[in-house]
Each structure stands twice: as structure tokens, then as C-alpha cells.
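A.B. asks: sequence? don't have it. structure:
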């Protein structure tokens, strides 16, 4: 379709997989493609329709040249300096691990060929995405470079290949761009480990406390509960704990700030890392809460539930009684379910507003209002939901199997602590002192040498 | 990590909270930072590693200078005119309320220092976001200005601070940018008030009509229904009314256009405002519909429901009857639930396509198809769901407690009216006349003076 | 609000609907608007506040001129060449069908008036969107052109009209931009047809196999099942088949590559098209799966379900038996529901990550991990869900009504085949050969002439 349009000539140094894939795509988009090769006669694999020449020859024909060779082999380019004078060199290389070299590949290339305009780009695109263009993730080309015109030329090529492009500033950003393809859910790792660890622990606890206890002490075989009943207790417990973990660090930060008397003092590293993954903590908690909701909705069509109901009615008939309507139970049952529904709806709203496109459409006042105020409301609702679910169970000695409390009580410790601390910070005497520090004032007693360096105040969301 | 890279020197006038936060972030990103201050000797709080000089001194060292002082104090800059010649001044200021000054702060700054290139930017970023970089909402820097190079310099700084940047055109857009941080869900206010008001009214109506009536007339204590049963009646009623409110304005617009005989005539203000918040009206309705779905799914595990079922069976046993299978009831029950599910699914689809990133991926034909055609289908499905739910209840005199109709009937008035009007506009005689007006033709009888000024035709979505 | 700001003068050639709508909007944004017309005296309909002049007169007054006439009438512009020298001409035209002309309208315009800078833009915006500005879809202006300054001028105008703008490269991209408004869910058509066809077939099969069979052979009137029970069987069947269809093409591609011994050979067209709509296939499958979930959750409040339960208990009482708890059934019931919930949750996660803004935030390693690994896990979970649902039904002869198998068995053929093939490709002997080919190596026996032309390797996601 686009093949008929006449575009310019583009050079590619290197005939590896990425170079060939790129060449093919450029040919399809109507470009002339010239490969530069050490041994032009033996480069059998280049796509049909492209030319193969010596590096110098290729450099003379094209204004934009993609460097599709590895950093280790960049030094041959020094000998081409005159031919590359004024050309746009696109560094598409990636490294094997973060910080492999002190200088980014693109900056190294620029130092080797100072007469050329080096643009970093296309390194976040896979060879496969270049060929298919079908999947969204890999279609964004990030470019950086010091020469705006050179950058524009690369952006234009990206656009004609059907890719979107984003300008990421000067060549100094190349190191960052080279790190991007090496990430694999880096911010998600800690939250996922926390979720996995907590879930495993709670499941084990429930297995012992609920199922094994019944089996050993009462001879009941309830092991089928492993499939739904246990996860449906474990998931909400972990979700509630993780939701509290989202709001704990800002309290710790406020305590630290009160102690330091300034906000211009760096937080400890662990607190900084914790704060940076709050969004992910919250989203993992939301996923677990959603599973809890799905498992709960599936309950009334589970065999165990239906059988228990039937048996209950048959027993009432046999004993010729009709259980009277318990008004308190009706209130409690409806109240904790209602709180659960509202809490989950709020939680869902928080999740939706953390979608990148939605949060970009909010200004920071709005975003802060949702994530802070509505987030705390969610925590209150979910904690109240669990408290009402438990009701007076914590008073009943027969619930303490083998001297351990029911599992739901474990989940309440942290959220209640967070809410109590939050409440303390709302009292005027503490709250005003924190607010004063946040506005940038210093406590008079502190000398100047203590703050400074790299202060990090992320606690405004308290 | 990025601290080793050498970037240029950036000046900051003002040592307030934002100035210091920005300075710290710039230092971290590898910039040299020079603060300009009236009293350089006493500026104790600037971050370690930065310099403090007189304004003139700072201006001479940096090409880009952030003006982190309030508009009221801008006049001191006139005395610095020679030092600021050719510099890039970044106006980061915000106002306390919309339209506080006739001229935007940035344009005022530009008039004070005509020799400098003023760029508006960073005002939508909070001091806190500068320091944390963790939350998405506040990471977008919007810039505008008349000098592309100056803008590029500011965009480059934003990028090196890990922020994304968006060019919003010439300095004339500064007023708009200054208004952004002042908004707090401005488009959401009207829909939220409508939803709150309607919900409060319907809840009160239900409280009287259902619960209080039972208590007074029959002595039944059903007040526990306040927790789930009443909201689960009120939410769908309000959701349906609000969904109809989304489609009413385009009908009113068509009626006005028919009456005026032209589309080049401005709609009344209230209609314009109504039209602009249709998306928000729809999303609030979707939220209420979702709550209705969650509350409905939770029904079969509510104590009241389970107890009523058990009692029903026990009564059948005692009276030695088995209620026969009622085929009509099976049809009705399944039909209205099926329509509800399909209507909700459609509604959800409408919600998903109104996510910014999804709607950006659609062209206007596609978007119009979904929001108009599928939206109307949703309204039809949800209205039919309610009609089937009601069935013949409106014929039963004992449903009219205290001479008031069942609540669901309230919700049907508006949707039915909208659907009937919609149907009338589909008939050829009316439909063709509207289409003709929409294509830009005028009714011959109308003189020219009547249309014109600021016509607003937003009704094509009919 | 914005009307007081003074912007420049903009020209519009043509007084049709789009021209007038644009003119009005420009006037509202503070621009001076000059219409160019053949007959300035009789152009009654232009918005008040704008001027009407001859084309030459209008061209002299404005730097940027929108060409709001149809391509067929462009030739009159050749006579205006001197007046248009150095002007920015914005081509806003669209065609009636794709590839209507060999050359895009904008390129044709540029060839007619070589002295002007032609920018393609605003063609993806509807006249209605220009007037309302309310709905998101149509607010994005895509521009392309060869002159960066001309493009910037058009982008600035778009911004001042409250529209967002995206640079799509050189004028060569104009053809693509002109095709955009003609699309109507082009990638969705095939998946939607597949879904409709399959659903219709399965519904018919179920109508015969379940309902009609009961009516004819047993005299039971179960036709009310058409409302929920049949769709709730048909939707998951079609969803599972379509999910398998997402993962089949990459297997076929791997088989082809193994057969060809190279990845540099173009796939057949049908395979290419299939691969390009995998995302849409998956999303339609997700929609059907969601309907299955909603219908399932609604089951315990359906009349038919409640009546059957009641009758079951009453029968047990009458026959004076209590059905014992069946532990195997408890396991099976919980296991298949649990797998269903987990499969659906995974599926939902896949759907969320395919939202444009979410997938843009992932690098291709992350995106590939989710869509490939988690996608296959989803397929495994959903297939296991169906297998456990069926359990031993396929062994019971009385399930084979009229010699046809139960419908759920139809849905298992394709997913099981896909999973078996997938497993074969995981074995070292086959897997390593595919991996070698994917890394770009050729099988030695293949001569060069066979590969080349337009290779397409989209199968890395296997």
C-alpha cells in the first residue's frame, strides 16, 4: 500500500537480525535501503531490493544511518569519520545489564564520531515489532539527541514506519533509554513478593487453623475447602494488609519529619523505595480484593453451600421448628456486605484513576484528592467491613483453635494501627506542626548542616 | 544515578518552597543551580550544592531562569532588564482563583521584560511531585511560549527531571495553563450534585413508601433494609434517570434547531453546559449501575434472603403443597435479568470507550457510533429491564402505599419520554428536516441577522 | 472567555459547512477570519464577525489558509499561485473511499501550488467536534507536512482551539491521514463476524440439543431457557474457541517457519491478517466471557433455580431422605468454579494491559511476558475449567441427545489441540530448531532466492 511512495535513502551498518528486519520495514515504507558491510560481496541475507556496499559507500549515499552493530565493534567507525561528517547516526544498541558501561552507548558513539549528529532511538523496539506492527507495547520509539533536526529526521522515519515517537530530550538521556528494555516489572517485584509471601503464610495458617483442626479434632474431612473457601479468606486478609501498607509510609514519613523538624532531610532508603511502589502495592491489593469478590459471588452456586442450606431446612422440618427471623443478624449481615460493596467500589475507582491516561487527565489537586482522601475512605470502609464480619467472634473461646485466633483478626492489626495514627495526625496539636514543616519551615533549633544534600519529601499525601 | 552527568546551569529567582524543591531536583539531575536572592548572605535554606547570588549575578550565569516569586513581586524584574536580555524566563506561578487578573501572569512577565523569552510551564506540577516523581498525575509539564527554542530548552529540562512535557502552543495559552491547577472536578460537579440530590430523594421516598409504611400499617420492622435493599432500589432508579439525562439534551437541541430553522444559532447557556457534562453524567450513572449490580449479586448470601427462602419451603411442607412451576414467571424473571445483564455490559463498554486512551484510538465515526448508537441501545435495554421488572405491579392497587406509586415507576418517566421523542425524530417527516438543517442549510424564511454570532451545534449525536 | 485574546488572521477558502464551523470556532478563539469566495457579495452564511473577500484578497491578508473545498475544485488555486507564495495551506479534505486517487489530496495540492507550504490536518476532526469540543474522540488533530514551521503554525491553531495535536511526519503520510476517517472498526470486523457466526451456530445447536430435545422427547417446555441458560452456555463456548484462535496463528507460523527453514519468508496473506487481529479476537472473547460471568452470578436469584431448589428439598422431605454430602462433588464443584474465577481474572488482566495507555507504559519484554505467558496460562485455566465442568458427562450415553454430544465438548477441540501443539513446540528437539530460525539463522539447504521480498515474522510471541 505504502510501497509506492518515494522516500529518501537510509543506511544501515550491520546485517544482523535487527538490521535486516529494519531494512525490510524501511523498504516496505518506500525507502531506499543501503547496507554497509565489511564484505559486501558475501552479504547474502539482506532483504531483496536493498543494496549492499562498503561502509564508506553506504555512508555517502544516505543522510541517516542506523548503527546496527554492537558497542564492542564501534571503533571501526573512527576510520569513517570523514564520510560520516554531518550525517545522522542512530544508535539502536542495548546492553545486557544496567550500568554495564560508565558512558551510554550513544554518548560513546558521539565521542568516536564527533562530526556526526548522534540520535539514540529504536532501542526500545524489538525486531519482531518492527516486522509486525501489530502489538501496541513495542510501537513507541523513544528518541534523544542534541541536534533537533537530526532528531526530527529520526522521528519522521519512525512515523513513516507506522510507529509513534516521543522526544526524550538531549543525548544525556541515552543512558536512561538504554536501561528501559532491561526492566521487567521492576516496580512490581516488591509488591508481588509481599503479596505472595503473605498469601502463602495466611493460606498455611488457615489450613492448620480451619481445615486440619476440623480433621484432627472433629474428624471432618473439609479439605475440599482448599479450592475456594481458604483462598476466599486469605485474599481479603492480604488485600486489607496491603492496602494499609500503602498508607503506612506517609505516616512514618510524617513521624520522621516531626522528629527531624524539617522536610529537607532525606528519608532512609527503605522508606523511599517503599513509597515509590505504593501504587503497585495498591493495585496488587485491588487484584486480590477482586478475586475475593468473584469467589464470594460464586458462593451461592457452590455444591457445599447448596447442600448445607438443604440440610438446614430438612433439619428444621424434622425437629418441627422454624428459626425465627433474627433482626440483629439481618442488620449485621447486610451492614458488612454493604460496607464490603462500597469499599470495593471505592477501591475500583482508585484503580481506574491510576490508569495512565486517566491520571494524566487529572490535575494534581484532583489526583491527590482521589488517591489520598478516597484512598483513606476505602481503608476505613474495608476495615469496618472486616470488623463487622468478625462481630463478636473474637469473644467466643471456641473460635480460638489450638490457642490461635481466627485468621481475620490477623488482618485487622495493621489497618487499625494505621487508622489510629492517621487520627492522631488529624488532631490540631500534631497536625499543625506537621503542616508547618511541610510548608517548608524549619524548626528553629536545627542547624543548617543537618538538612540539605538530597532531601526527599514524599509525605504530602498524608 | 543520574547525578554524574554534567548538565548546564539553571537559575532560580526566589528561595520559597517550590524554588528550593525545584533546585534540589535539578541538582539531583546533574544541573548547576544558582539562586537569585535579594539578600544572598542570609539565604540559609537553599539546598547544599547550589549557589546563592544577587539576581543580576544569577542572571549572568544561567541561560534558563525559573521565576519562583509571586506575581505581586514581578516588578523588581524591570530593573534587571539588561541582565535578562535574551534569557529564557520560566513563569511557574499560579493564581488563587480563576480570572484573578485580566492578563495571564506569563504575559504580564513578558510585558515587563520584553527582551527575554518567556515560557509558561511547571505550574501544573506540585513541589511535592518534583521531589517524589512517584505519582503519575503530577508528572506532566505543560509549556507554552512564543519562542520555540526557549520552549525546547524548558522541555529538555522537564525531560531530564523525568517529567513528561506537552507543548500547548503560544504564550496566549498561558491563561488556560494557569487555570488548570485551580480546577477540582469542575465538569463533575453538576453530575455529582444531580446524582446526590436524586439519590437522597429516592432513598427518602423508599424509606417512606416501603419501610415506614410496613412499620406503621403492618407493624413489620424492616429497617435493616436501609443497608442494602433501599440503596439497591435507589441506585438503579437514579442511574436510569441520569442515563436518560445524557440523551435528552440532543433532543432538546434538535427541537430548538427545528424551531430556529438553522443550526447557526447559539443554544441557551444551560443547554450548552448540560451538553458539556454528558460524559460525566453517563459515568456517574455507570458507577451507580455498577453498585446496583454488586448489591444484586450479593443478594443470595444475605441473611434476610436465605431466611425467607427457608421459611418459604417450611411453609410449603407444613401446608403440604408444592408450588407448581410458573412458566410465565420463569420467562419474566429470566427476561428482565437477561436485559439487565446485557444493558449493564453495554453500559460498561460505553464507559471503557470513554477512557481517554481508548477514545483517542478511535476516529470520530467510530466514537460517534459507540456513544450514540450503542448509548441509545443501552438506554433501550435498561428501560426494558425496568419495565419487565415492574411487569404488572403498576396495575396492583396494594402496591400504591399511601397513594404513592412504587418507586421504580418514577424512574421510567424520563427514559420513556426520551425514547418516544427519539422515535419521533426517526420518522421521515421530522428526521429529514433535522438532517437538512444539520447539513448546514437554512430555512428560507429566516433572515440572515438571526443566526450568526456564536452558533453552537452540538446535537449531531442525536 | 478566550474571546478577548488577540490572535492572528486566518483565511478559509470555501464557505461550506466545515468552513463555516471552523470559522466560528476560530472567531471564538480570538482569531480574525477571512473567507475567500468566488462571489464575496453573495456569501450570506459566513459567521458574523468574519470578512468575505475574493480568494486573492483573502490570501493576501492571512498567513495560514484552510482549503475547505473539495479536491475536484482545487484547480482554481493554480491561478492564485503568486498570491499563495510562501503561505501555509492546510488541506482538510477527505475522500469517499480508500485509495480513491493515486496521489493523496494534500500532495496533489502541493503539486498545484509548489510555492506554498502544504500541511495536511484537521481532516480527522468533524465539523461537529469543532463546534462542541465536548467529546474526546474527535479532539485530536493529526498533522503532517514537509515544512516544520508551517506545521507548527497549524499545531498552534489547533492548540488555541482547545484541540490536541500530533505530528505524523512528512507530507508523504497524508494518504494515511486521509484514510483514517474512512475506517469503521476495520480490525474489529473479522473478530466480530467470527463471534457472531460462532454464537449463532452454538445457540442453534443448543436450541436443538437441549430445549427442543426436551420438548419433543420428554414433553418439557423449557423454552424460557432461551433468555439466560442458552446464552450462558453459548458465550463461554465461543469465548474459549476465540481465545484458542488467538494462539493458533503463532503455532501455524512456527510450523511454516520450520517448513521453510527461514523466518525471512512472507506468511500467506490470510495468516498475516489473522495475526493482525489477535488483540481484537481476544477482546471480543473477553467480552463474551464477561457476559458468562454476569449470567452465572445472576443464576442464584433466577426463578427457575430457586424453584428447583425448593422442589428438591420438598421431595427429600416427602421421601424422608437426606442426601449425604458427596465429597467428590464438593471437590469438583469448587475446583471448576475456582479455575473459572482464576481464568477470568487472568483474562481481565490481559484486557487491562491491552488498553493503549497501559501497554504504552510497558516495555516490550513486559508486554510480551503478559500477552504470551499469561495469555497461555489463561488458555490453560479456561480449558481446565471446561474439562472439570464436563467431568464425566462425555461418558454418559444419555447426554448424547439425538446422537450429538453435549455442546461444551465442541468448545474443547480447538483449545486442546492448541495446547498439545504448544507443548510439542516446548520439547527440545522442535523448540531449539524454531529458536534457531527465530534468531535469524537460515537452514543451509535453502538458496537465497527463496527468502527476501517482504518477509514477515510475527511469530515470536509463540
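C.D. replies: Structure's in. What do you need? No experiment lies behind these values; they were computed from the predicted model shown.
A.B. asks: Now do the strands in chain A.
C.D. replies: Taking DSSP state E, the strands of chain A run over residues A:9-13, A:32-36, A:51-53, A:64-67, A:88-91, A:117-120, A:140-145, A:164-167.
A.B. asks: Summarise which helices and strands the fourth one is packed against.
C.D. replies: To tie it back to what came earlier, the one meant is strand A:64-67. strand A:9-13, strand A:88-91, helix A:148-160 (3 or more Cβ pairs under 8 Å, 6 or more residues apart in numbering or on different chains; DSSP states H and E). The C-beta positions use only the backbone N, C-alpha and C, and glycine is treated the same way.
A.B. asks: One more pass at 6 Å, please.
C.D. replies: strand A:9-13, strand A:88-91 (3 or more Cβ pairs under 6 Å, 6 or more residues apart in numbering or on different chains; DSSP states H and E).
A.B. asks: These: which one's closest to chain C?
C.D. replies: strand A:9-13 (13.5 Å; Cβ to the nearest Cβ).
A.B. asks: Who are the contact partners of residue A:256?
C.D. replies: Contacts for residue A:256 (Cβ atoms under 6 Å, 6 or more residues apart in numbering or on different chains) come out as none.
A.B. asks: Next one: it from chain B, what distance?
C.D. replies: 14 Å (Cβ to the nearest Cβ, to the nearest Å).
A.B. asks: just residue A:204 next, same as before
C.D. replies: Residue A:204 is 27 Å from chain B, by Cβ to the nearest Cβ.
A.B. asks: How about residue A:143?
C.D. replies: 11 Å.
A.B. asks: List the beta-bridge partners for that residue.
C.D. replies: Note on residue A:143: beta-bridge partners by DSSP bridges are residue A:167.
A.B. asks: what's it in contact with, if anything?
C.D. replies: Shown in contact with residue A:143 (Cβ under 6 Å, 6+ apart): A:119, A:121, A:151, A:154.
A.B. asks: any idea of the pLDDT on the last one?
C.D. replies: According to the predicted model, the pLDDT of residue A:154 comes to 91.
A.B. asks: what's near enough to touch it?
C.D. replies: Contact partners of residue A:154, counting by Cβ under 6 Å, 6+ apart, are A:90, A:119, A:121, A:143.
A.B. asks: and the nearest residue in space to the first one that is not next to it in sequence, what are its bridge partners?
C.D. replies: Meaning residue A:90. Computed as Cβ to Cβ, 6 or more residues apart in numbering or on different chains, the closest residue to residue A:90 that is not its neighbour in sequence is residue A:66, at 4.6 Å. The partner list for residue A:66 in beta bridges (DSSP bridges) reads residue A:12, residue A:90.
A.B. asks: Distance check, residue A:66 against chain B.
C.D. replies: According to Cβ to the nearest Cβ, residue A:66 stands 23 Å off from chain B.
A.B. asks: Number of residues surrounding that residue?
C.D. replies: 29 (other Cβ atoms under 10 Å in any protein chain shown).
A.B. asks: With residue A:101 instead?
C.D. replies: By the criterion of other Cβ under 10 Å, residue A:101 has 12 neighbours.
A.B. asks: What distance do you get for it to chain B?
C.D. replies: Distance of residue A:101 to chain B, given as Cβ to the nearest Cβ: 13 Å.
A.B. asks: Repeat that for residue A:150.
C.D. replies: Applying Cβ to the nearest Cβ to residue A:150 and chain B gives a distance of 14 Å.
A.B. asks: Likewise for residue A:23?
C.D. replies: Between residue A:23 and chain B the computed distance is 29 Å (Cβ to the nearest Cβ).
A.B. asks: Isn't that residue up against residue A:45?
C.D. replies: No - applying Cβ atoms under 6 Å, one finds residue A:23 not in contact with residue A:45, separated by 10.0 Å.
A.B. asks: the more surrounded of the two?
C.D. replies: Taking other Cβ under 10 Å, residue A:23 and residue A:45 do not tie; residue A:23 has more neighbours (26 against 20).
A.B. asks: Contacts only, for that one.
C.D. replies: A:12, A:33, A:47, A:50.
A.B. asks: Show the model's pLDDT score for it.
C.D. replies: 89.
A.B. asks: Give me the nearest residue to it, chain neighbours excluded.
C.D. replies: Excluding its sequence neighbours, the residue lying closest to residue A:23 (Cβ to Cβ, 6+ apart) is residue A:33, at 4.7 Å.
A.B. asks: highest average neighbour count across the helices and strands packed on strand A:64-67?
C.D. replies: Most buried of the helices and strands packed on strand A:64-67 by mean neighbour count (mean count of other Cβ atoms under 10 Å in any protein chain shown) is strand A:88-91; its value is a mean of 28.
A.B. asks: Report the mean per-residue pLDDT for it.
C.D. replies: For strand A:88-91, mean pLDDT is 95.
A.B. asks: who does that strand touch, helix- and strand-wise?
C.D. replies: Judged by 3+ Cβ pairs under 6 Å, 6+ apart, strand A:88-91 is in contact with strand A:64-67, helix A:105-112, strand A:117-120, helix A:148-160.
A.B. asks: Check the gap between residue A:437 and residue B:125 for me.
C.D. replies: Per Cβ to Cβ, to the nearest Å, residue A:437 is found 21 Å from residue B:125.
A.B. asks: which one of the two has more residues nearby?
C.D. replies: Taking other Cβ under 10 Å, residue A:437 and residue B:125 do not tie; residue B:125 has more neighbours (26 against 21).
A.B. asks: For the more buried one, report the pLDDT, please.
C.D. replies: Listed pLDDT for residue B:125 reads 82.
A.B. asks: cool, and residue A:452?
C.D. replies: Reading off the model, residue A:452 has pLDDT 30.
A.B. asks: go on, residue A:456?
C.D. replies: On the pLDDT scale, residue A:456 gets 31.
A.B. asks: again with residue A:137
C.D. replies: 50.
A.B. asks: And for residue A:293, nearest residue in space, chain neighbours not counted?
C.D. replies: For residue A:293, ignoring the flanking residues on the chain, the nearest one in space by Cβ to Cβ, 6+ apart is residue A:344 at 5.7 Å.
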